[in-house]
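Asks: return atomic coordinates for the entry below.
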Amino acid sequence: PRDDEMRNSINMHLVSWNVAHRTSKTPQQCDYFLSKSPDVIALQEVTPKYLDRVEPLLSEMGYTGIASSLHSQKGLPLNRSYGVLIASKLPMKVGVQIDLPWSEKSLTVTINPGEEEVNLTTGYIPPGSTNGWAKIDNIEALVAGLRSTRTILCGDFNCPQAELSDGTIVTWGQRIKSDGRIKQKRRLRGGDGLRWDSAERSLFTDLADRGLVDVYRSLHGFGDAYSWVLRRKGSEVRRRCDHVFSDLSVSSCEYDHAPRLEGLSDHAALSVDFEISTPKISARVTPR
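Replies: Numbering: from 1, shown residues only. Okay, here's the model as predicted:
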């Protein structure tokens, strides 16, 4: 092959985690990061108070690049106080931001693990139960504005409602009937149920059509998996609402429930190892 066709591979370890704005748990959360040694950390449900507490801790741990969607979002109403943060030990710079109606819900940076940059976006899509159609407006803008090459999208998207063993995705725009059948909602929270369904589904279908696959499912198929647990009347409701989508090669992707079970968050941490292709530098012999 020509020199420009020869490639090397660089490993990059990412941890994406909804930290549930648990400011009092930041030291223990950072101990968790120390134990896993990720190159890049993406956090969701970060508040200004949490940010003030965790930034100096991450800096002490060697994360030389730290960016948040909240620095310019002072004075937001309570339902918009949750933002996101990215910290990196690799060269990082803030990229062009996706134009979301609620701009604090996503952050885009470029990471340089080698000679070519990787586009990393982390997002927190708020639940529709408390935010109505703002959920759908932000999903639609996020999907439309996301780049499709050398791209990672990670975060908490508060969907889908369920995933069946055959790969069927059930959105919150649908209803699971008592007999197990799935029915489309015609109207939902004062709007078109089909639009709601289409927006949530686009994370798993439209992005895949553009080459950004659901990394966990691409490796593990449609077995039982979840990242968040609701305890209701003595039983557990398990949902997989934390995801990573990418066109990059991945060697592993796992939900780590240990920090959730220790009370550091109500979400599992999502740990991903990327194998990022970079040009191979080869010596050339110059003819005399």
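Asks: can I get the CA coordinates of stretch 49-65 in PDB?
Replies: Extracted as PDB, the C-alpha positions of stretch 49-65 are listed here (Å, rounded to 0.1, in the frame of the first residue of the first chain):
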ATOM      1  CA  LYS A  49     -22.500  24.100  42.200                       C
ATOM      2  CA  TYR A  50     -21.300  20.700  41.100                       C
ATOM      3  CA  LEU A  51     -19.000  22.200  38.500                       C
ATOM      4  CA  ASP A  52     -17.300  24.500  41.000                       C
ATOM      5  CA  ARG A  53     -16.600  21.400  43.200                       C
ATOM      6  CA  VAL A  54     -15.400  18.900  40.500                       C
ATOM      7  CA  GLU A  55     -13.300  21.100  38.200                       C
ATOM      8  CA  PRO A  56     -10.400  21.600  40.600                       C
ATOM      9  CA  LEU A  57     -10.400  17.900  41.500                       C
ATOM     10  CA  LEU A  58     -10.300  16.900  37.800                       C
ATOM     11  CA  SER A  59      -7.500  19.400  37.200                       C
ATOM     12  CA  GLU A  60      -5.400  17.900  40.000                       C
ATOM     13  CA  MET A  61      -5.900  14.400  38.400                       C
ATOM     14  CA  GLY A  62      -4.200  15.500  35.200                       C
ATOM     15  CA  TYR A  63      -7.200  16.500  33.100                       C
ATOM     16  CA  THR A  64      -5.700  19.500  31.300                       C
ATOM     17  CA  GLY A  65      -8.700  20.100  29.100                       C
END
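Asks: for that stretch, buried residues please.
Replies: Y50, L51, R53, V54, E55, L57, L58, Y63, G65 (16 or more other C-beta atoms under 10 Å). Every residue, glycine included, has its C-beta placed from N, CA and C.
Asks: how about the fifth one, what does it touch?
Replies: So that's E55. With C-beta atoms under 8 Å, 6 or more residues apart in numbering as the criterion, the residues that contact E55 are I66, S68.
Asks: please apply the same query to the fourth one.
Replies: The neighbours of V54, taking C-beta under 8 Å, 6+ apart as the test, are T26, Q29, C30, L43, V46, L85.
Asks: which parts of the stretch 151-288 of the chain are strands?
Replies: 151-156, 162-163, 169-170, 174-176, 182-184, 187-188, 191-192, 213-214, 228-232, 235-239, 242-246, 249-256, 269-279 (DSSP state E, counting those that start in this stretch).
Asks: so what strands line up beside the third one?
Replies: Each strand that strand 169-170 pairs with, and the sense of that pairing, follows from DSSP bridges: strand 162-163 (antiparallel).
Asks: would you list the buried residues of stretch 49-65 in CSV and tack on secondary structure?
Replies: Below are the buried residues of stretch 49-65 laid out as CSV (DSSP: H, G, I helix; E, B strand; the rest coil):
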residue, secondary structure
Y50, helix
L51, helix
R53, helix
V54, helix
E55, helix
L57, helix
L58, helix
Y63, coil
G65, strand
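Asks: follow-up on the earlier one: of the strands of the stretch 151-288 of the chain, which stretch is the most buried?
Replies: strand 151-156 (a mean of 26; mean count of other C-beta atoms under 10 Å).
Asks: which outside residues touch that strand?
Replies: Contacts for strand 151-156 (C-beta under 8 Å, 6+ apart): 14, 16, 18, 42, 44-45, 84, 106, 118-125, 142, 146, 207, 212, 241-248, 267, 270, 272, 274.
Asks: in helices only, show me the residues you listed.
Replies: Counting by DSSP state H, the part of the contacts of strand 151-156 found in helices is L142, L207.
Asks: can you redo the strands of the stretch 151-288 of the chain as JSON lines with distance to T110 and mean pLDDT?
Replies: Shown next, in JSON lines, are the strands of the stretch 151-288 of the chain (distance: least, C-beta to C-beta, whole Å; pLDDT from 0 to 100):
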{"stretch": "strand 151-156", "distance to T110": "10", "mean pLDDT": "98"}
{"stretch": "strand 162-163", "distance to T110": "31", "mean pLDDT": "95"}
{"stretch": "strand 169-170", "distance to T110": "30", "mean pLDDT": "96"}
{"stretch": "strand 174-176", "distance to T110": "37", "mean pLDDT": "96"}
{"stretch": "strand 182-184", "distance to T110": "39", "mean pLDDT": "96"}
{"stretch": "strand 187-188", "distance to T110": "37", "mean pLDDT": "95"}
{"stretch": "strand 191-192", "distance to T110": "35", "mean pLDDT": "96"}
{"stretch": "strand 213-214", "distance to T110": "21", "mean pLDDT": "98"}
{"stretch": "strand 228-232", "distance to T110": "29", "mean pLDDT": "89"}
{"stretch": "strand 235-239", "distance to T110": "31", "mean pLDDT": "91"}
{"stretch": "strand 242-246", "distance to T110": "14", "mean pLDDT": "98"}
{"stretch": "strand 249-256", "distance to T110": "18", "mean pLDDT": "98"}
{"stretch": "strand 269-279", "distance to T110": "13", "mean pLDDT": "91"}
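Asks: many thanks, have a good one.
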